[in-house]
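*Asks:* sequence plus the predicted model coming up.
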Amino acid sequence: MSQHNKARQYVYVSNAKDGTIVRYLLDDHHRKLVFLGRTPAGDNVMPLAVSPDKSHLYAAIRSEPFRVVSYRIDSASGDLLVEGTASLPVSMANIDTDKSGRFLLAASYGGDLISVSPMNEQGVVMADAQQVLPSGRNAHAIHTSPDNHFVFSTSLGDDEIRQYRFDEQSGHLTPNTPAAVKTEQYAGPRHFVFSKNGQYVYVLGELSGTVTTYALDAKTGLLTLKGVSEGVPAKALSLENGVPPFMTADNDHPKIWTADMHVSVDSRFLYLSERTTSAMVTLWIDPMTGLPSYQDITQVEQQPRGFALSVDGRFMVVSGEKDTNVGLYAVDIPSGALTKIDTAPVGIGANWVEIVAF
């Protein structure tokens, strides 16, 4: 039996409008998503995160009382068992753990802030946030650097990425110097990912459809602009880019509205979802420069809010906020091409996707 067939991979999808997390088995041998069940979570459950040791799934509830639920993942069945609930300062658009699995980071779009919450020795968030910091307008994502020494967060409303030093022992954040780097005006930085070698940070513009590439200095934790690449082919799709929510496109074209982004396991491709046209864009990353360029586009589920790649990189699961199914796609590793191979029923308002392998 090949190595990839030995792994048991579970897929978790949060459904904001019916307050559930749907569970699947990713059967890579039969190339199917096997529905396992629904776990009640709470109204407007959205961002998910997985602990570094894969023992826990965390779900942020974006309805009052704002909170995070810690679930123990049963590695034999994929079932989720509630082990703790802790309050969050406000509604959080994004959550993640630090690399040690001792702290939960959160970013609030509406509250314009980020927070750090402690976990106990079992990996459960049990206490209120120990630190809350202003983030600039519309914080949308927060992650530690690969070495766990620094933290970055996006400010969609201010077109910038905030930079912090991170004390992994105490969990304390301190603004770096400078405290932020800019993107282009009205890019609307949303999600971001690191290259597998940790040299680059790719930032997705929700409003522009561009990918801004920064070089990451591992010693200082500072970002340096390297280039801006077209991600979503606006003209080909008759979309208008760089139009903020308070403005209307001059030509009445629909606006670009990207959502999620992930890098392939070999760091050769970037994938980003575009909600207006329900598309997945594939970008090729130049191994010499680290800069991405447009390669292909694939129609996917309606209004794709979230997606995830399997641990081996051979599959992608896509959720659509307005779709009744999630899609399973085969990923051709050499070319990065996507082929739809299965669908499975999902809840209402599907958004975040996580895949955990044991």
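*Replies:* Nice, I can see it. Source: prediction; values computed, not measured. Numbering: from 1, shown residues only.

*Asks:* can we go C-alpha only for contacts and neighbour counts from here?
*Replies:* OK.

*Asks:* near the nearest residue to Q9 once chain neighbours are set aside, how many other residues are there?
*Replies:* Closest residue to Q9 apart from its sequence neighbours, by Cα to Cα, 6 or more residues apart in numbering: A357 at 4.2 Å. Look at A357: counted by other Cα atoms under 10 Å, it has 17 neighbours.

*Asks:* tell me the spacing between A357 and H56.
*Replies:* 12 Å (Cα to Cα, to the nearest Å).

*Asks:* OK, contacts around the residue nearest to Q9?
*Replies:* Counting by Cα atoms under 8 Å, 6 or more residues apart in numbering, A357 makes contact with 7-10, 54, 311.

*Asks:* can you redo those residues as JSON lines with pLDDT?
*Replies:* Formatted as JSON lines, these follow (pLDDT from 0 to 100):
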{"residue": "A7", "pLDDT": "79"}
{"residue": "R8", "pLDDT": "93"}
{"residue": "Q9", "pLDDT": "97"}
{"residue": "Y10", "pLDDT": "98"}
{"residue": "K54", "pLDDT": "97"}
{"residue": "V311", "pLDDT": "94"}
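
*Asks:* and the residues you listed, which of them are in strands?
*Replies:* Counted as lying in strands by DSSP state E, out of the contacts of A357, are 9-10.

*Asks:* for this protein, give me the ranges with low pLDDT.
*Replies:* For the chain, residues meeting the criterion pLDDT under 70 lie at 1-6, 249-251.

*Asks:* domains in it, by residue range?
*Replies:* 3-12+42-301, 13-40+302-327+342-358 (automatic domain parsing).

*Asks:* do you know which of the ones you listed lies nearest G336?
*Replies:* domain 3-12+42-301 (6.5 Å; Cα to Cα).

*Asks:* what distance separates the strand or helix carrying A49 from the centre of its chain?
*Replies:* Using DSSP states H and E, the element containing A49 is strand 45-50. On the basis of Cα atoms, centre = their mean, to the nearest Å, strand 45-50 sits 9 Å off its chain's mean C-alpha point.

*Asks:* between strand 45-50 and the following helix or strand past it, find me the angle.
*Replies:* Proceeding N to C from strand 45-50, the next assigned helix or strand is strand 56-61, under DSSP H and E. If you take axes from the mean of the first three to the mean of the last three Cα atoms, to 10 degrees, strand 56-61 sits at 160 degrees to strand 45-50.

*Asks:* who does strand 56-61 touch, helix- and strand-wise?
*Replies:* When contacts are defined as 3 or more Cα pairs under 8 Å, 6 or more residues apart in numbering; DSSP states H and E, strand 56-61 sits against strand 45-50, strand 67-73.

*Asks:* which ones are touching S278?
*Replies:* Counted by Cα under 8 Å, 6+ apart, S278 has contacts 299-304.

*Asks:* can you select the buried ones among those for me in ChimeraX?
*Replies:* Paste this into ChimeraX to select the buried members of the contacts of S278, with burial taken from 16 or more other Cα atoms under 10 Å:
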select :300,301,302,303,304
